[in-house]
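Q: Prediction below, plus the sequence it came from.
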Amino acid sequence: MTDRKGKVVVAMSGGVDSSVAACLLLEQGYEVIGLFMRTGVKAVLDEPACPADEATSNRPFRGCCSAADAADARDVAGRLGIPFYALDFKESFESIIDHFVAEYVRGRTPNPCILCNDQLKFGRLAEYGRAADADFIATGHYARIVQHAGQARLCRGVDTDKDQSYALFQLDRGILPRVMLPIGEMTKERVRDYARKRGLPLFDKRESQDICFVPDRDYARLIRDRRPDAFRPGRIVDRSGRELGRHDGIVNFTIGQRRGLRLAMGKPVYVTAIDAASDTVTIGPREELARSELRASKVHWLIDPPTEIIEADVQIRYTHKAARAVVEPIGADCVRIRFREPQYAITPGQAAVFYDGDVVLGGGWIDLE
């Protein structure tokens, strides 16, 4: 234990990715401490596909950071022989949930995972790392930290299907030299195979696809519980303002939505705009979702902030393929983005993240105008 490379605090969520991250760092010679974030979230079990599934040990959970996940993380830490701590982040997490609800009430569609990464996984985690005299902090994100011209840069993970750099754009630039992302060079298949070969029992654990504090995907229920005043009836109109129907709250809608509109139009129609001031939802054909321009505010740069127009690939949601655009600074923390080709379902509240190849330049929060 005398030749350790340094001390690393690893955020362990109870999933295969963070477990493999901890195992890799231990094998590489680091002193590893596991940290689990208690957020007060409860997991929801998926309904079993058949009665036989009830008896399996791998019955899938949706969500993360639950008591069951904490038990899984603790078990892995025990198998690895590393210290493990579960810290109470519930109070901090409540502010993220409040922001999520407030954004929906404003007619926007938030991405709480970005805030969680910034404020908790690389915020509170960094604080704990300093308190523990750790040299590095690490997570199981599919992204990379690459040295470029003597500086640490956040880059896409090699597994393009799993890349999570989009959700990390708000990281403090100054913390990047202390960040370790051990699985960023691996594919998901390799991660699972690595876990299986090392006897980690969660090598085939199903990963969460949902927002952890809404594991049943019922966003409206969460918002109704916290902001019942947000459910105000309003109009559903077309582009010309002609009323086509009524709704019982704009929080039930998001830009680009096609299902659940409860309108028989005889052709596919989509939510193209949401006006929180008048409680109006506008719908139209897919072509009305196309836009060539957006404004992003609260821009955060991971490079020296440009003072002139730059070209970049811009990603407007987690599943979007980044598109070529020009990014024009228009204020201290705002940019105007013009795409070479129109993009569909540009959604206020989501993030627009700027890339130079695989390198994250920065990003901001989408405001259409």
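A: Everything's here; your move.

Q: what's the weakest-modelled helix or strand in this protein?
A: Between all helices and strands in the chain, the lowest mean by mean pLDDT, DSSP states H and E belongs to strand 61-62, at a mean of 43.

Q: Pull up the gap between the residue nearest to residue 269 when sequence neighbours are not counted and residue 67, please.
A: Sequence neighbours aside, residue 283 is the residue nearest to residue 269 in space, at 4.7 Å (criterion: Cβ to Cβ, 6 or more residues apart in numbering). From N, CA and C alone the C-beta is placed, and that goes for glycine too. For residue 283, the distance to residue 67 equals 42 Å [Cβ to Cβ, to the nearest Å].

Q: For residue 347, give its distance to residue 317.
A: If you measure residue 347 against residue 317 using Cβ to Cβ, the figure is 7 Å.

Q: Between those two, which is the more surrounded one?
A: Neighbours per residue (other Cβ atoms under 10 Å) separate residue 347 from residue 317, with residue 347 holding more: 23 against 18.

Q: what about that one, which helix or strand?
A: Assigned by DSSP states H and E, residue 347 belongs to neither a helix nor a strand.

Q: That one touches residue 255, doesn't it?
A: Yes - with the criterion set as Cβ atoms under 8 Å, residue 347 and residue 255 qualify as a contacting pair; they are 4.2 Å apart.

Q: host element of residue 342?
A: Assigned by DSSP H and E, residue 342 belongs to strand 335-344.

Q: Without its sequence neighbours, what residue ends up closest to residue 161?
A: Taking Cβ to Cβ, 6+ apart, and ignoring the residues beside it in sequence, residue 161 has residue 188 as its nearest neighbour in space, at 7.4 Å.

Q: again, but for residue 22
A: Closest residue in space to residue 22, ignoring its immediate chain neighbours: residue 10 at 4.5 Å, by Cβ to Cβ, 6+ apart.

Q: returning to that earlier point: which is the succeeding secondary structure element to the least confident helix or strand of the chain?
A: Counting by DSSP H and E, the element after strand 61-62 in chain order, helix or strand, is helix 67-80.

Q: And that following helix, what does it pack against?
A: helix 16-27, strand 31-38, strand 84-88 (3 or more Cβ pairs under 8 Å, 6 or more residues apart in numbering; DSSP states H and E).

Q: quick one, the longest one and strand 84-88 angle?
A: Helix 16-27 and strand 84-88 meet at an angle of 140 degrees, taking axes from the mean of the first three to the mean of the last three Cα atoms, to 10 degrees as the criterion.

Q: which helices and strands does helix 16-27 pack with?
A: Packing contacts for helix 16-27, counted by 3+ Cβ pairs under 8 Å, 6+ apart, involve strand 7-11, strand 31-38, helix 67-80, strand 136-138, helix 188-197.
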